[in-house]
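Participant: Show me how the following folds:
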Amino acid sequence: MDTTPERISARTAAAWTVALAVLGGITGYAWDGPFLAVTCALSVGGGGALGSVLSRRHMIETIREGQGRAAAHGYADGIADMMLLGISAYRAAVFPLSGPDAVDAAERVARRTAAYRLTAAEGLPHRIRTAAATALAAIDDRRDDESRSAMADLMKAVQELRREA
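Facilitator: As a prediction, this is how the structure comes out:
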């Protein structure tokens with residue numbers, strides 16, 4: 001289905017015009033018969049069509065604005081998820097469950113670089129960046145309890161971002 005603002009506007013205008021014409025026809029028929037039914041259907045349907053045409057530009061702008069906000073929010077949500085995964089992978093490399101020597105230094109550096117790059121991505125809200133910076137600082141300083149708490153705060157901030165939509 002074509003969901004461009006122009007097509008949405010055209011479909012909405014057509015639906016309103018038909019609905020108003022039918023309503024005008026039924027009302028006219030109930031008042032005085034078939035002649036008034038046709039007259040009311042044409043006048044009310046024509047008024048609906050004229051109103052739709054006149055409001056078309058405003059409707060298209062409103063739809064485009066909503067699509068832009070949705071796209072920006074979706075992008076921020078996706079980047080926040082990727083950043084959270086990157087920081088979690090970095091944390092797992094710094095605090096491996098199988099012991100301190102389970103992950104070599106090159107792997108840790110690669111995961112750290114990826115986590116920092118994801119945190120620096122455009123489109124992330126400030127509160128997400130702040131929570132990520134706190135988590136990264138705790139991981140860099142090898143403070144396990146603080147990093148666990150900071151990761152919980154980061155996850156909470158990402159969940160709040162999702163709820164805003």
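Participant: CA atoms for contacts and neighbours, from now on please.
Facilitator: Will do.
Participant: Tell me where the protein is predicted with low confidence.
Facilitator: Counting by pLDDT under 70, the chain has low-confidence residues at 1, 165.
Participant: Backbone dihedrals for the residue nearest to Ala30 when sequence neighbours are not counted, please?
Facilitator: Closest residue to Ala30 apart from its sequence neighbours, by C-alpha to C-alpha, 6 or more residues apart in numbering: Ala37 at 7.8 Å. Ala37 adopts backbone torsions of phi -60, psi -50, taken as degrees, to the nearest 10.
Participant: neighbours around Ala37, how many?
Facilitator: Ala37 sits with 22 neighbouring residues when counted by other C-alpha atoms under 10 Å.
Participant: can you check the one 4 residues further on too?
Facilitator: Residues lying near Ala41 (other C-alpha under 10 Å) number 25.
Participant: name the element it belongs to?
Facilitator: helix 34-94 (DSSP states H and E).
Participant: Pull out the buried positions in the following helix or strand past that helix.
Facilitator: Using DSSP H and E, the helix or strand that follows helix 34-94 in sequence is helix 105-119. Judged by neighbour count (16 or more other C-alpha atoms under 10 Å), helix 105-119 contains these buried residues: Arg108, Arg111, Arg112, Ala114, Ala115, Tyr116, Leu118, Thr119.
Participant: list the contacts for the closest residue to the first one other than its chain neighbours?
Facilitator: Spelled out, it's Arg108. Nearest residue to Arg108, sequence neighbours excluded (C-alpha to C-alpha, 6+ apart): Ala93, at 5.5 Å. Ala93 is in contact with Val103, Glu107, Arg108, Arg111, counting by C-alpha atoms under 8 Å, 6 or more residues apart in numbering.
Participant: just to revisit the earlier point, quick check, distance from the helix holding Ala41 to the centre of its chain.
Facilitator: The chain centroid and the centroid of helix 34-94 are separated by 11 Å under C-alpha atoms, centre = their mean, to the nearest Å.
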